[in-house]
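Asker: Provided below for reference: sequence and predicted model.
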Amino acid sequence: MIVRKITVKELVDSIQERNQVLGSMNRYVEGPSPIDQANDNSLSFCKKKDDQAVEMIRNSRAKVIICSDNLNLTESDYQGKTLIQVLNPRLTFSRIMQKFFKAIPEHGIHPTAVVSEKARIGHDVYIGPYSYIADCEIGDGTIIDGHVYIYDRTRIGGGVIIHAGVVIGAEAVGFERNEMGEWVKFPQISGVIIEDNVEVGANSVICRGSLSDTLIGEGTKLDNLVRIGHGVRIGKHCIIITGAFICGSVKIGDHTWIGPLTCIRENICVGNQVLVGMGSIVQKDIGDNLVVSGSPARPIRKNSTFL
């Protein structure tokens, strides 16, 4: 909740990257808003870099707008407004949101949560209503929303966010046929390691490993409804979007983006800085710095954009 007016000077002083201010510094904002839904006291941003951006800025009611430093603007384009020009408007806006508008997280354990006496809980941790925490380890500043179930043999780092309905450490399908054609269970006796600053979206499932731990690397973000199979190892600062299905023992490198409704079959290796397009079916290993898409997924081009 916004409890005070924030001046343009405060906003600009918080920006670490190179910036240029067009218009008056003698303004303030009270809250963020999309550029096409803003009011006179809104802070908005525009990430476009063409004539459409100029039109959006002219037509917006927002008096303070973060925009690209590639725009060629005349005084009439921003009359009555203050523009803060930066290299990456969405990134700058995100950082300002974090600093000035992010709600302060709660700490403590909700009375309806069940936490094992053997669990090791760090400082400033929040555990929401009706969540179950087994014999596991949770680092400082981690937030666990309601109705989350975390099995034992799970280690969660600091600054992790786990949204409602997530299950961590459940068994995945692991069976072998016997001589009679009946299914014999393959024991899944390892755990899950979630490193610092990971975010796990609502109703996602991370399965525990069979013989080696499932690993989610530092800074990786899982969207809602993502399924991570047993023994999967995901690198640092990846993004995995809604509906992705990562089968057992898959290895994914750092800074890789997995599109929505993607399926990666078991034992596949996906490299660093890879972009896997929406709805792809990955059946073969993928090297570093590639964009792939399709069913089956095929390379389209080199990925020259740092993800």
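Answerer: Arrived safely.

Asker: Go ahead and flag the most central residue of the chain.
Answerer: The residue lying closest to the centre of the chain (Cα atoms, centre = their mean) is residue 221, at 3.3 Å.

Asker: Excluding covalently adjacent residues, which one is nearest to that one?
Answerer: Spatially, and ignoring its direct neighbours in sequence, residue 221 is nearest to residue 199 (4.6 Å; Cβ to Cβ, 6 or more residues apart in numbering). All C-beta spots, glycine's among them, are computed from the backbone N, C-alpha and C.

Asker: Kindly report the same for residue 211.
Answerer: Setting aside the residues directly before and after it, residue 211 is nearest to residue 190 in space (Cβ to Cβ, 6+ apart), at 6.0 Å.

Asker: ok, the one you found - contacts?
Answerer: 153, 208-214, 231 (Cβ atoms under 8 Å, 6 or more residues apart in numbering).

Asker: picking that back up, what residues are up against the residue nearest to residue 221?
Answerer: 160-163, 220-222.

Asker: Redo those as a markdown table? Include distance to residue 258.
Answerer: Compiled in a markdown table, the contacts of residue 199 are given as follows (distance: Cβ to Cβ, whole Å):
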| residue | distance to residue 258 |
| --- | --- |
| 160 | 19 |
| 161 | 19 |
| 162 | 19 |
| 163 | 18 |
| 220 | 10 |
| 221 | 11 |
| 222 | 9 |
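
Asker: ok, how many other residues are close to residue 95?
Answerer: Here the count is done by other Cβ atoms under 10 Å, and residue 95 has 15 residues near it.

Asker: how many neighbours does residue 252 have?
Answerer: Here the number of neighbours of residue 252 (other Cβ under 10 Å) works out to 27.

Asker: My error: substitute residue 126 in the last question.
Answerer: Here the number of neighbours of residue 126 (other Cβ under 10 Å) works out to 18.

Asker: partner residues bridging it?
Answerer: residue 108, residue 143 (DSSP bridges).

Asker: before we move on, back to that, tell me the most packed of the contacts of residue 190, by neighbour count.
Answerer: Taking other Cβ under 10 Å as the neighbour criterion, residue 214 ranks highest of those with 29 neighbours.

Asker: ok, now which ones touch it?
Answerer: When contacts are counted by Cβ under 8 Å, 6+ apart, residue 214 is found next to 190-193, 206-208, 228-233.

Asker: Most neighbours among the residues you listed, please name it.
Answerer: Of all the contacts of residue 214, residue 206 has the most neighbours under the rule other Cβ under 10 Å, reaching 30 neighbours.

Asker: close enough to count as contact, it and residue 169?
Answerer: Yes: if you go by Cβ atoms under 8 Å, residue 206 and residue 169 touch, sitting 7.2 Å apart.

Asker: any common contacting residues for those two?
Answerer: Among the neighbours of residue 206, those also in contact with residue 169 (Cβ under 8 Å, 6+ apart) are residue 192.

Asker: ok, residue 147 - how many residues close by?
Answerer: As a burial measure, residue 147 scores 18 neighbours (other Cβ under 10 Å).

Asker: Residue 120 now?
Answerer: 11.

Asker: and it, how far is that from residue 278?
Answerer: Note on residue 120: its distance to residue 278, by Cβ to Cβ, to the nearest Å, is 39 Å.

Asker: And for residue 39?
Answerer: 35 Å.

Asker: I'd say residue 267 and residue 232 touch.
Answerer: No: with the criterion set as Cβ under 8 Å, residue 267 and residue 232 do not qualify as a contacting pair; they are 10.3 Å apart.

Asker: Need the residues touching each of these two.
Answerer: Taking Cβ under 8 Å, 6+ apart as the contact rule, the neighbours common to residue 267 and residue 232 are 247-250.

Asker: Including secondary structure and distance to residue 174, could those go into TSV?
Answerer: Rendered in TSV, the data for those read as follows (DSSP: H, G, I helix; E, B strand; the rest coil; distance: Cβ to Cβ, whole Å):
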residue	secondary structure	distance to residue 174
247	coil	11
248	coil	8
249	coil	11
250	coil	15
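
Asker: Could you point out which of those is nearest to residue 52?
Answerer: Proximity of the shared contacts of residue 267 and residue 232 to residue 52, judged by Cβ to Cβ, is greatest for residue 250, which lies at 39.7 Å.

Asker: List the contacts of the closest one.
Answerer: Neighbouring residues of residue 250 by Cβ under 8 Å, 6+ apart: 229, 232-233, 264-270.

Asker: do the same with residue 40
Answerer: Residue 40 makes contact with 61-63, according to Cβ under 8 Å, 6+ apart.

Asker: try residue 172
Answerer: Taking Cβ under 8 Å, 6+ apart as the definition of contact, the neighbours of residue 172 are 188, 207-208, 229-230, 248.
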